[in-house]
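Peer 1: Quick check, what structure comes out for this input:
(one chain, ligands or ions: 1)
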Amino acid sequence: MSEQGTRAQVGTGEQARPGQPAVLVLEDGRAFAGEAFGAVGETFGEAVFSTGMTGYQETLSDPSYHRQVVVMTAPHVGNTGVNDLDYESTRIQVAGYVVRDPSRIASSWRAQRDLGGELARAGVVGISGVDTRALTRHLRERGAMRCGVSSLDADPAALLAKVLASPAMVGADLAPEVSTREPYVVAPAGGERRFRVAALDLGIKRNTPLSMAARGCEVHVLPATATADDLLALGPDGVFLSNGPGDPATADYAVAAATGVLAAGVPLFGICFGNQVLGRALGFGTYKLVYGHRGINQPVQDLTTGQIAVTCHNHGFAVAAPADGTHTDTPFGRVAVSHVALNDGVVEGIACLDVPAFSVQYHPEAAAGPHDAQSLFDRFCELMASGRKGTP
Ligand SMILES: NC(=O)CC[C@H](N)C(=O)O
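Peer 2: The predicted model follows:
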């Protein structure tokens, strides 16, 4: 698929002029008028909201947002501009961007460019001046749904017809669209190499291998369709399953890879999409949440210690597993739900009790976000240090 096709976006290559009209239409017909922001054009994707007050550049460049139109609940966005350091991947990944009130100037010693210009150069269509509180409440009540944003055609009825013809998120296999084409290696940050990690890139964020590299891991990042044999051929101390976009029910290739790694008894750690893939490899199902969790202020409880962490989330699907303190017998032994979201009880982590594998639905790499959960990378290192047997 072409770049434009995968982003379901038609841009004119122009930057929006101040006051240029734009419209956002949801698939249930609700329309919001606003002003064009970023690139002039038309785009389609799943409308989702993020409650992060900061970290918009990391959000925009998180590959898990591929094919999603992100609505920021923070009313004022763009204050700190953008820079070359805070990208979580090689480009802006969102299909569209919705803000209430873009900052007229970027004001930070780290700012290199302004947000509107950056979106325009990337060809990303946005809309501003939207009542993002009303839009968020609508999505919260009715659920995440398809939408279109256009600064080319102000007719909501015409846009609605195109929204209804656009692909849904359920059933979308998107990880291969954002994964690296070629393998690459992230070297340990300094000091000796302690572990070799084979990472399956389903849409990996930059700070994830960096968080491992900071702990002495040499991370070999492989394309989404790499098999268990490809991963194990590296002779890794551990295998990592990354975050990524789309519906985890479609990622049979990744589930097969995880199953092969579990069978080999090599330590395994997964984040977000990786948690869903591990869940499926253990025999659990996944399902779509009504509106998902996105933001950097989400409380999660570790059921083993009782400790609560405030964490970074970006997920619209979840693993269906019992979170009542019991364990489930699977082909790979006993498995327990290890973490739950305190807002709604959604499963946020699973741990194998008889093979060395665990995963979380949230983002310990914390880019952006609080660093409460960084110790999960230490737990992965401990699992690798203890060899190929036993649980953390
Ligand atoms: N950040 C992620 O890995 C997201 C996983 C999956 N695409 C979801 O929405 O649940």
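Peer 1: make it CA atoms for all contacts and neighbour counts henceforth
Peer 2: Noted.
Peer 1: Tell me, what's the model's pLDDT at the residue nearest the centre of the chain?
Peer 2: By C-alpha atoms, centre = their mean, the chain has its centre lying nearest to residue 64, at 3.2 Å. pLDDT for residue 64: 98.
Peer 1: isn't it right next to residue 243, touching?
Peer 2: Yes - the pair residue 64 and residue 243 passes the contact test of C-alpha atoms under 8 Å, sitting 6.6 Å apart.
Peer 1: what about the residue in the stretch 151-300 of the chain that the ligand sits nearest to, neighbour count?
Peer 2: Closest contact between the stretch 151-300 of the chain and the ligand, by C-alpha to the nearest ligand atom, is at residue 243 (3.2 Å). Residues lying near residue 243 (other C-alpha atoms under 10 Å) number 29.
Peer 1: Next up, the contacts around the closest residue to the ligand within the stretch 51-200 of the chain.
Peer 2: Closest approach between the stretch 51-200 of the chain and the ligand, counting by C-alpha to the nearest ligand atom: residue 64, at 4.7 Å. When contacts are counted by C-alpha atoms under 8 Å, 6 or more residues apart in numbering, residue 64 touches 93, 203, 243-246, 314.
Peer 1: now do 10 Å
Peer 2: Contacts for residue 64 (C-alpha atoms under 10 Å, 6 or more residues apart in numbering) come out as 93-94, 174-175, 178, 202-205, 242-246, 272-273, 314-315.
Peer 1: Any idea which helix or strand in the protein has the lowest mean pLDDT?
Peer 2: helix 3-6 (a mean of 40; mean pLDDT, DSSP states H and E).
Peer 1: Would you mind listing what in the stretch 251-392 of the chain touches the ligand?
Peer 2: Residues of the stretch 251-392 of the chain lying close to the ligand by C-alpha under 6 Å from any ligand atom are 272-273, 314-318.
Peer 1: Quick check: the two most widely separated of those?
Peer 2: Farthest-apart pair in those is 314 and 318; separation 10.9 Å (C-alpha to C-alpha).
Peer 1: residues shared between the contacts of those two?
Peer 2: In contact with both residue 314 and residue 318: 272-273, 292-293, 361, using C-alpha under 10 Å, 6+ apart.
Peer 1: who wins for most neighbours among the residues you listed?
Peer 2: residue 273 (33 neighbours).
Peer 1: Do you know the pLDDT at that residue?
Peer 2: On the pLDDT scale, residue 273 gets 98.
Peer 1: Kindly report the same for residue 39.
Peer 2: At residue 39, pLDDT is 97.
Peer 1: what about it, how many neighbours?
Peer 2: The burial count for residue 39: 28, using other C-alpha under 10 Å.
Peer 1: Who does residue 285 form a beta bridge with?
Peer 2: Beta bridges link residue 285 to residue 320, judged by DSSP bridges.
Peer 1: Look at it and say how many residues are nearby.
Peer 2: There are 16 residues near residue 285, going by other C-alpha under 10 Å.
Peer 1: what residues are up against it?
Peer 2: 248-249, 276-277, 279, 318-321.
Peer 1: And it, how close does it get to residue 256?
Peer 2: Residue 285 sits at a distance of 15 Å from residue 256 (criterion: C-alpha to C-alpha, to the nearest Å).
Peer 1: got the CA positions of the helix ranked longest in the chain in CSV?
Peer 2: Looking across the chain with DSSP state H, the single longest helix is helix 252-264. C-alpha atoms of helix 252-264 as CSV (Å, rounded to 0.1, in the frame of the first residue of the first chain):
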residue,chain,number,x,y,z
ASP,A,252,-1.4,-14.5,14.0
TYR,A,253,2.2,-14.3,12.8
ALA,A,254,3.3,-12.6,16.1
VAL,A,255,1.2,-15.1,18.2
ALA,A,256,3.0,-18.0,16.4
ALA,A,257,6.4,-16.4,17.1
ALA,A,258,5.5,-15.9,20.8
THR,A,259,4.3,-19.5,21.0
GLY,A,260,7.6,-20.7,19.6
VAL,A,261,9.6,-18.6,22.1
LEU,A,262,7.5,-19.9,25.0
ALA,A,263,8.1,-23.5,23.8
ALA,A,264,11.8,-22.8,23.7
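Peer 1: How far off centre is that helix?
Peer 2: Here helix 252-264 shows a centroid-to-chain-centroid distance of 21 Å under the convention C-alpha atoms, centre = their mean, to the nearest Å.
Peer 1: Quick one, grab the pLDDT at residue 389.
Peer 2: 44.
Peer 1: now residue 191
Peer 2: 83.
Peer 1: Skipping adjacent residues, who's closest to it in space?
Peer 2: The shortest distance from residue 191 to any non-neighbouring residue, by C-alpha to C-alpha, 6 or more residues apart in numbering, is to residue 216 (7.1 Å).
Peer 1: any weak-confidence spans in the stretch 251-392 of the chain?
Peer 2: Where the stretch 251-392 of the chain drops to pLDDT under 70, the residues are 388-392.
Peer 1: Now do the strands in it.
Peer 2: 268-271, 285-302, 308-320, 327-330, 333-341, 347-352, 357-360 (DSSP state E, counting those that start in this stretch).
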